[in-house]
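1. model this:
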Amino acid sequence: MNLSLKRRRFGQLMIASATTAAIANMADKTLAQSTSSKLVGFTLASNNLNVGLSVDRLLSVDVSVKTDLVNSTPQIVIQTLDLVSGKLLSTLEVASKLVINQRTSTETAPKALYSQTYERITDATTLTDGRLVISSVASTQKGNYNKIVLFDSKTNSYQEGLKVSGFRSKNGTIESVMALKDNRLLSIISLREGVPPFYFAVIDSTTGKITAGTELALPDLSPDERFSNLAQAPDGKIYATNIDREGNTNIVQIDLKNRSLLTGKAKIIPYVQLRLEKESLRNDLLSMAFSSSGQLYALAAPHGKRSKSLYTIDLKTGELQYVTEFLVDKIAFSLY
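-> Model (predicted):
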């Protein structure tokens, strides 16, 4: 009888323990989802295709800014999407402003072959304090001018803009940025305006200065492959996209902790090939970001489609799953 009671009591305790663990696990998942459901999208005001959307707030225009692409930040539209409902929560237009380091010299040179002046947003990331960083480049006949914009997502206020300097060569362009714990920006930089070769560097978000990041032992990148779309998972692992020599789009892991015995540098580890509707993805993603729950999201316009859409990525299979249309250029998750 005592043995029977002990067994029964043990079973009850086990059930109670499992129930408590399940509830705790569910609470953790719910909390993670609630803190990561706000996705922020960025686009140039001139490229905003969301016709009919009202702008909730237009940040004050700096009257000293005219068409100075060298010393001014682009006019940016910031849209916040709620992933639970799929609805846009807000649309904010950030006016162009003068950078705070106008006297900084940048590595530019006039272009022999020149088509027309244009700007593009190259990436966005979230600092540990919640501020958003948006990188952009203005391509002009005089050269390429890279900038970063710091935006306070908690107060919805523009903080400052900076010219970026310290490139290895003339007219380099920032193609991807990801915030490190110390609020420096791990970056992928192109020597030829978005096409290979690329190299890793680190940008000081307070000065706009590029450094080699030698203490991170950043790996060399293959000179004939494309790398972009840096993103960091909640567990600290860093990922990026890579288009290999065969034209396949892949996810790779940038392992800064384990260094190669041959080079002493961090490793680039092939992870998974991306697929859409069970076919290999031949176009690179437009942007990539992790939610706080660990779900990887991608912005893409696959198969040459004009419409930009949001997808989830299964890191085990590489399969993209459609979520919703999202007409922006880059994405990042907001902490607020």
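2. show me where the protein has helices.
-> For the chain, applying DSSP state H gives helices covering 2-35.
3. any regions of the stretch 1-150 of the chain where pLDDT drops low?
-> 1-37, 47-67 (pLDDT under 70).
4. how about the strands in it?
-> Listed in chain order, the strands of the stretch 1-150 of the chain (DSSP state E, counting those that start in this stretch) span residues 38-44, 57-58, 76-82, 87-94, 118-126, 131-140, 143-152.
5. so which of these comes closest to Leu281?
-> Closest approach to Leu281 among the strands of the stretch 1-150 of the chain (Cβ to Cβ): strand 118-126, 19.3 Å. Quick note: C-beta positions are derived from backbone N, CA and C, even for glycine.
6. what packs against that closest one?
-> strand 38-44, strand 131-140, strand 173-179, strand 226-232, strand 330-333 (3 or more Cβ pairs under 8 Å, 6 or more residues apart in numbering; DSSP states H and E).
7. and Thr206, how many neighbours does it have?
-> By other Cβ atoms under 10 Å, 11 other residues sit near Thr206.
8. quick one, phi/psi of it?
-> Per-residue torsions, Thr206: phi -100, psi -20 (degrees, to the nearest 10).
9. report the contact partners of it.
-> Applying Cβ atoms under 8 Å, 6 or more residues apart in numbering, we find Thr206 in contact with Asn183.
10. turn the helices and strands packed on strand 118-126 into TSV, including mean neighbour count and distance to Thr80.
-> Converted to TSV, the helices and strands packed on strand 118-126 look like this (neighbours: other Cβ atoms under 10 Å; distance: least, Cβ to Cβ, whole Å):
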stretch	mean neighbour count	distance to Thr80
strand 38-44	22	5
strand 131-140	23	11
strand 173-179	24	19
strand 226-232	23	19
strand 330-333	24	10
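11. okay if I get those strands as JSON lines plus distance to Leu276?
-> Rendered in JSON lines, the data for the helices and strands packed on strand 118-126 read as follows (distance: least, Cβ to Cβ, whole Å):
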{"stretch": "strand 38-44", "distance to Leu276": "20"}
{"stretch": "strand 131-140", "distance to Leu276": "27"}
{"stretch": "strand 173-179", "distance to Leu276": "21"}
{"stretch": "strand 226-232", "distance to Leu276": "16"}
{"stretch": "strand 330-333", "distance to Leu276": "18"}
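12. select, out of the strands of the stretch 1-150 of the chain, the one closest to Pro219.
-> Proximity to Pro219, assessed across the strands of the stretch 1-150 of the chain by Cβ to Cβ, is greatest for strand 118-126 (19.1 Å).
13. tell me the contacts of the spatially closest residue to Ala217 that is not a sequence neighbour?
-> Nearest in space to Ala217, with sequence neighbours left out and distances taken as Cβ to Cβ, 6 or more residues apart in numbering, is Lys265 at 4.6 Å. Residues near Lys265 by Cβ under 8 Å, 6+ apart: Ala217, Leu218, Pro219, Asp220, Arg259.
14. now the residues you listed in TSV, with neighbour count, pLDDT and distance to Arg168?
-> Formatted as TSV, the contacts of Lys265 follow (neighbours: other Cβ atoms under 10 Å; pLDDT from 0 to 100; distance: Cβ to Cβ, whole Å):
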residue	neighbour count	pLDDT	distance to Arg168
Ala217	15	96	17
Leu218	19	97	13
Pro219	18	96	16
Asp220	13	95	13
Arg259	14	92	22
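15. could I get the strands of the stretch 1-150 of the chain as TSV with distance to Gly318?
-> What follows is the strands of the stretch 1-150 of the chain, written out as TSV (distance: least, Cβ to Cβ, whole Å):
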stretch	distance to Gly318
strand 38-44	21
strand 57-58	39
strand 76-82	24
strand 87-94	29
strand 118-126	22
strand 131-140	27
strand 143-152	31
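16. nearest to Ser291, out of those?
-> Of all the strands of the stretch 1-150 of the chain, strand 38-44 comes closest under Cβ to Cβ, at 7.9 Å.
17. low-confidence ranges in the stretch 201-336 of the chain?
-> Using pLDDT under 70, the stretch 201-336 of the chain drops low at 304-306.
18. how many residues are close by Ala95?
-> Neighbours of Ala95 (other Cβ under 10 Å): 17.
19. that one is in contact with Gln75, isn't it?
-> Yes - using Cβ atoms under 8 Å, Ala95 is in contact with Gln75, at 5.8 Å.
20. with respect to Tyr271, which of the strands of the stretch 1-150 of the chain lies nearest?
-> strand 118-126 (19.7 Å).
21. among the strands of the stretch 1-150 of the chain, which comes closest to Ser228?
-> For Ser228, the closest of those is strand 118-126, at 8.2 Å, according to Cβ to Cβ.
22. can you list the residues that contact that closest one?
-> 40, 42-44, 69, 74, 76, 132-139, 146, 153, 173-179, 185, 229-230, 287, 329-335.
23. fine by me, thanks again.
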